[in-house]
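Chemist: From the sequence below, what's the structure:
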Amino acid sequence: MNNSIFLVLDTETTGTDPATDQVVELGFAATTLEKTVGCGSSLVKPTIPISAGASAVHHLVDEDVRDAAPLAFVLGALLKEWHERPETIAYAAHNSPFDRSFLPTLVDRPWLDTYRMARRYLPDLPHHTNQFLRYQLKLDVPRDACAHRALGDCITTAALLRYLLTGPAAADFERMGTKEFELLVDGPLLLQTVTFGKHVGKRWADVPRDYLQWMVRTGGFDPDTTYTARHYLGL
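Modeler: Next up, the predicted model:
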């Protein structure tokens, strides 16, 4: 797969709800397992205002995108070269469900989620955000790659993807192929350490059985937590 290309994507948006919010910036980084081979970004004109909360993250305001093109045009113009290449085998994003929800037309290739990959293959790290991993793993990212802007985040995610696919995730990726690997990454995680409640900081393997039974009986936990509780109950 040395010649394969992964199309890393990142969106900045008017807010966090894909049912009502829209894209205001789209970035991409095309990467092989060795290096980034192309990248770019474009502002996108939404039909609704950018919320103050979103601006506080990416620092884009309505005036910045007033003369930008709509998303459909930007998608075609920005990604055309890489999207049409047969060696482009997958999309990738950090917390891909978010970006996928704002790019619903991109369904022709698997999506690799570097956030879930990092949680699966680097479970002992205290955080798995893009920027924490950038510095913790000393990824090869230019100093001027700005966090919370589409291009900078894509460049960081591309470096993280290379690190994972040629390092801790390499054996699974090579054995499974892209589609099966996507299913593994999106599947439930066996968590290592409790991050909430009265057992916070304890290893899940050491959590009392009656507490695990209460969790399963009560419900309402995220899929990874529920899966972990059921695992240690032998269910």
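Chemist: What segments of the chain are strands?
Modeler: 5-13, 23-31, 36-43, 88-93, 111-113 (DSSP state E).
Chemist: As CSV, the ones you listed with distance to R203 and mean neighbour count would be great.
Modeler: Placement of C-beta: from N, CA and C, glycine included. What follows is the strands of the chain, written out as CSV (distance: least, Cβ to Cβ, whole Å; neighbours: other Cβ atoms under 10 Å):
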stretch, distance to R203, mean neighbour count
strand 5-13, 34, 26
strand 23-31, 35, 25
strand 36-43, 38, 17
strand 88-93, 30, 22
strand 111-113, 25, 23
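Chemist: CA-only coordinates of stretch 112-124 in CSV, if you can.
Modeler: Backbone C-alpha positions of stretch 112-124 (Å, rounded to 0.1, in the frame of the first residue of the first chain) are rendered in CSV as follows:
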residue,chain,number,x,y,z
LEU,A,112,-10.6,6.3,9.0
ASP,A,113,-11.0,8.0,12.4
THR,A,114,-7.6,8.9,13.8
TYR,A,115,-9.2,9.8,17.2
ARG,A,116,-10.6,6.3,17.7
MET,A,117,-7.4,4.8,16.2
ALA,A,118,-5.4,6.7,18.8
ARG,A,119,-7.7,5.6,21.6
ARG,A,120,-7.4,2.0,20.5
TYR,A,121,-3.7,1.8,19.9
LEU,A,122,-2.4,4.4,22.4
PRO,A,123,-4.8,3.7,25.3
ASP,A,124,-2.5,4.8,28.1
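Chemist: quick one: contacts of that stretch?
Modeler: 6, 90-97, 125, 128, 130, 133, 157, 160-161, 164, 168-169, 178, 181-182, 184-186, 189, 191-192 (Cβ atoms under 8 Å, 6 or more residues apart in numbering).
Chemist: Can you select the buried ones from the residues you listed in ChimeraX?
Modeler: If you want just the buried ones from these in ChimeraX, going by 16 or more other Cβ atoms under 10 Å, the selection is:
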select :6,90,91,92,93,94,95,96,128,130,133,157,160,161,164,169,178,181,182,185,189,191
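Chemist: gap between P126 and L160?
Modeler: Using Cβ to Cβ, to the nearest Å, P126 is found at 16 Å from L160.
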